[in-house]
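Undergrad: Have a look; sequence and predicted model below, questions after that.
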Amino acid sequence: MNVPSEHLQSEYDALDRQIAALEESVGSAVSDLKPVLAHGVHIAAELLRSFALAHAKPMPVGEDLLELFKAFVKGEPSLNTVRDNVRELVYYQNCLAMDRSDALPAKPERMVAHTVRHIYLYLRSRAEQEGLIG
C-alpha cells in the first residue's frame with residue numbers, strides 16, 4: 001500500500017524548497033561546511049525516508065545515512081543509483097570528524113547542495129515514473 005500521492009508530492013515540494021534555500025545560501029557567500037552539511041544530510045535523509053515510506057518500506061529512525069541507505073535499497077537494487085551521492089555526503093562527514101578538511105573538494109558547501117539536488121532529482125523523477133506524484 002502506497003502513501004497517498006498528495007503526501008509525497010507535498011513532502012517533495014517542501015524538500016525542493018529547502019534544497020533551493022541551501023543552494024542559495026552556499027552560492028551567495030562563504031559558508032561554514034558543518035551546518036551546510038548537517039542540513040544537506042537532513043534533507044537527503046528525508047528524501048530517502050519519504051520515498052521509502054511511499055513504498056511502505058520500513059526505515060530506521062535517525063539520520064545515519066548509511067543505515068538509511070541500507071534499508072532504502074533493500075529489495076530494490078535499482079535504487080542503488082543514489083549510492084554514490086549518499087557516499088559523498090558520508091565522506092564529507094568523515095572528513096570533518098577526522099579534521100581532514102584538506103581531503104575535501106574545492107567549495108565543499110556547493111558540492112553538498114549539488115549532491116542533495118541530484119538525489120532529489122532522481123527520486124522525484126522515479127516517483128513521477130511510478131505515478132506516485134504528478
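TA: Received it, and whenever you're ready, just let me know what you need. Numbers count the residues shown, from 1 in each chain.

Undergrad: Tell me where the protein has helices.
TA: Shown for the chain, the helices assigned by DSSP state H span residues 5-28, 33-54, 65-73, 83-97, 108-129.

Undergrad: In CSV: those helices, plus mean neighbour count and mean pLDDT.
TA: Backbone N, C-alpha and C define where each C-beta goes, glycine included. As requested, these are exported to CSV (neighbours: other CB atoms under 10 Å; pLDDT from 0 to 100):
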stretch, mean neighbour count, mean pLDDT
helix 5-28, 16, 90
helix 33-54, 20, 95
helix 65-73, 18, 93
helix 83-97, 16, 96
helix 108-129, 19, 96
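
Undergrad: ok, the closest residue to S101 other than its chain neighbours - contacts?
TA: In this structure, S101 finds its nearest non-sequential neighbour in C95, 6.5 Å apart by CB to CB, 6 or more residues apart in numbering. Under the criterion of CB atoms under 8 Å, 6 or more residues apart in numbering, the contact list for C95 reads 101, 103-104.

Undergrad: gap between the closest residue to A127 other than its chain neighbours and S31?
TA: Take A127 and drop its neighbours on the chain: the residue closest to it by CB to CB, 6+ apart is I133, 4.7 Å away. Plainly put, I133 is 31 Å away from S31 if you go by CB to CB, to the nearest Å.

Undergrad: that older thread, quick one: the residue nearest to S101 from P105, how far?
TA: With distances taken as CB to CB, C95 is found 10 Å from P105.

Undergrad: can you check M59 too?
TA: M59 sits at a distance of 29 Å from P105 (criterion: CB to CB).
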